[in-house]
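**Student:** Sequence and computational prediction follow.
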Amino acid sequence: MTETHDVALRAGDHDFRVRVYPAPEPNGALLVWLHGGAFMFGTLEMPEADQVGRRLSADGITVVSVDYTLAPLEALEILGPPDPDADMPSPEQMRAEMEAAGPRARFPVANLQVVAAFDWAVANAATYGADPERVSVGGASAGANLSAGAAMRLRDRATTAPRVLALVYPSLHDGILEPNDETAELLRSVPAARLFTPESRDAINRNYLEDPDGDAHGYAFAGGHDLAGLPEVLIVNAELDSLRPSGEAFAAELAAASVDVRVVREHGAMHGYLNEIGHPAGEHTLALLADTVGGS
């Protein structure tokens with residue numbers, strides 16, 4: 001089976017689907033991949049999802065891209081209108097475009113769906129020429145958060161675990177972490193519309209997890225929790241990203257928990273660069289993903 005196709009699944013009392021990008025010449029690896037979008041937005045057609053699926057499958061890695069249930073749109077009112085120079089749709093336009101996405105739900109629905117997608121991928125890996133023990137999980141931005149939360153739940157379940165956890169410009173802590181002086185200076189050159197602020201991040205996070213005390217196990221925000229026992233982790237941070245301190249702090253937490261971790265900084269890149277086809281940082285990140293996930 002080599003054609004891209006969708007598979008219907010159900011978890012967290014919600015229907016969802018995965019889109020499978022079978023590798024024409026499989027190398028035995030499979031990646032369950034999650035797009036970003038502040039938990040509220042994103043589709044399987046966006047480059048952050050589709051480009052990853054097409055490029056990595058061409059490198060021999062079957063990709064299972066997850067169309068998880070999105071969070072409600074209430075945070076749009078809190079975030080307010082976007083910067084008029086940011087070439088972004090208004091909240092009203094975004095709401096109209098996203099109403100067709102179907103039922104929405106907060107944590108833990110998407111988290112449970114990622115686990116279910118991983119289980120499906122393990123059970124069906126051989127169909128695509130992949131080894132069930134070489135199934136990895138990864139994502140970008142909110143998708144990276146979902147990937148880490150699913151890895152925590154899978155670790156605690158103590159059955160099958162991902163081979164690699166791949167996190168691209170991730171948000172892993174419940175809030176914006178304070179940047180160091182070097183990072184703060186770099187962020188001054190970034191347009192305000194391309195940065196998350198403490199206020200915008202809090203609105204996004206509360207829209208996903210209403211009760212900040214309702215995450216005792218780190219399934220919603222893995223940062224700051226016990227990370228021992230997680231699989232090998234790749235973290236790719238965008239240099240000009242107010243979320244970079246979260247990725248860097250998470251790497252330090254992993255190392256302190258004796259988890260193998262590799263941290264890469266994409267110099268000169270802003271958050272979301274995988275949505276720009278041909279972006280140099282995107283090309284480098286795709287190569288990193290292929291090497292890390294596809295390695296035996």
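**Tutor:** Yep, that arrived.
**Student:** The stretch 51-200 of the chain: helices as residue ranges?
**Tutor:** Ranges of helices in the stretch 51-200 of the chain, per DSSP state H, counting those that start in this stretch, are 75-79, 91-98, 109-124, 142-157, 181-187, 198-208.
**Student:** Report the distance from the fifth one to the chain centre.
**Tutor:** Between the centre of helix 181-187 and the centre of its host chain there is 24 Å, according to Cα atoms, centre = their mean, to the nearest Å.
**Student:** returning to that earlier point: among the helices of the stretch 51-200 of the chain, show the one with the smallest mean pLDDT.
**Tutor:** Ranked on mean pLDDT, the bottom entry among the helices of the stretch 51-200 of the chain is helix 91-98, at a mean of 57.
**Student:** before we move on, back to that, export the helices of the stretch 51-200 of the chain to JSON lines and append columns for mean neighbour count and distance to Ala38.
**Tutor:** Bear in mind the C-beta positions are built from the backbone N, C-alpha and C, glycine included. Listed next are those as JSON lines, based on neighbours: other Cβ atoms under 10 Å; distance: least, Cβ to Cβ, whole Å:
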{"stretch": "helix 75-79", "mean neighbour count": "16", "distance to Ala38": "7"}
{"stretch": "helix 91-98", "mean neighbour count": "14", "distance to Ala38": "10"}
{"stretch": "helix 109-124", "mean neighbour count": "22", "distance to Ala38": "12"}
{"stretch": "helix 142-157", "mean neighbour count": "25", "distance to Ala38": "6"}
{"stretch": "helix 181-187", "mean neighbour count": "13", "distance to Ala38": "19"}
{"stretch": "helix 198-208", "mean neighbour count": "19", "distance to Ala38": "5"}
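**Student:** where's the residue nearest to Pro24 when sequence neighbours are not counted relative to Pro26, distance?
**Tutor:** Spatial nearest neighbour of Pro24, chain neighbours left out: Thr2 (5.4 Å); criterion: Cβ to Cβ, 6 or more residues apart in numbering. Distance of Thr2 to Pro26, given as Cβ to Cβ, to the nearest Å: 10 Å.
**Student:** So which of those two has more stuff around it?
**Tutor:** Neighbours were counted for Thr2 and for Pro26 using other Cβ atoms under 10 Å; Pro26 has more, 19 against 14.
**Student:** can you tell me which residues contact the more buried one?
**Tutor:** Residues in contact with Pro26 (Cβ atoms under 8 Å, 6 or more residues apart in numbering) are Gly60, Ile61, Thr62, Tyr128, Gly129, Ala130.
**Student:** And His217, by the same measure?
**Tutor:** Met152, Arg153, Asp156, His225.
**Student:** Confirm it sits in a strand?
**Tutor:** No: counting by DSSP: H, G, I helix; E, B strand; the rest coil, His217 is located in no strand; its state is coil.
**Student:** Which pLDDT does the model give it?
**Tutor:** For His217, pLDDT reads 97.
**Student:** Look up phi and psi at it.
**Tutor:** phi -100, psi 0 (degrees, to the nearest 10).
**Student:** Next, give me the two most distant ones among the contacts of His217.
**Tutor:** Within the contacts of His217, Arg153 and His225 form the most distant pair, 11.7 Å apart (Cβ to Cβ).
**Student:** Can I get the contacts of His217 in TSV including distance to Gly102?
**Tutor:** Below are the contacts of His217 laid out as TSV (distance: Cβ to Cβ, whole Å):
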residue	distance to Gly102
Met152	27
Arg153	24
Asp156	29
His225	31
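**Student:** how about the closest residue to Tyr208 other than its chain neighbours, what does it touch?
**Tutor:** Once flanking residues are discounted, Tyr208 sits nearest to Phe39: 4.2 Å by Cβ to Cβ, 6+ apart. By Cβ under 8 Å, 6+ apart, the contact list for Phe39 reads Leu70, Ala71, Ala110, Ala142, Asn145, Ile204, Asn207, Tyr208.
**Student:** What ranges in the stretch 1-150 of the chain fall below the confidence cut-off?
**Tutor:** Across the stretch 1-150 of the chain, the ranges flagged by pLDDT under 70 are 1, 77-101.
**Student:** what about the strands in it?
**Tutor:** In the stretch 1-150 of the chain, the segments counted as strands under DSSP state E, counting those that start in this stretch are 5-11, 14-21, 30-34, 62-67, 135-140.
**Student:** Can I get those in a markdown table including mean neighbour count and distance to Val168?
**Tutor:** Formatted as a markdown table, the strands of the stretch 1-150 of the chain follow (neighbours: other Cβ under 10 Å; distance: least, Cβ to Cβ, whole Å):
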| stretch | mean neighbour count | distance to Val168 |
| --- | --- | --- |
| strand 5-11 | 14 | 23 |
| strand 14-21 | 20 | 17 |
| strand 30-34 | 31 | 10 |
| strand 62-67 | 28 | 14 |
| strand 135-140 | 30 | 4 |
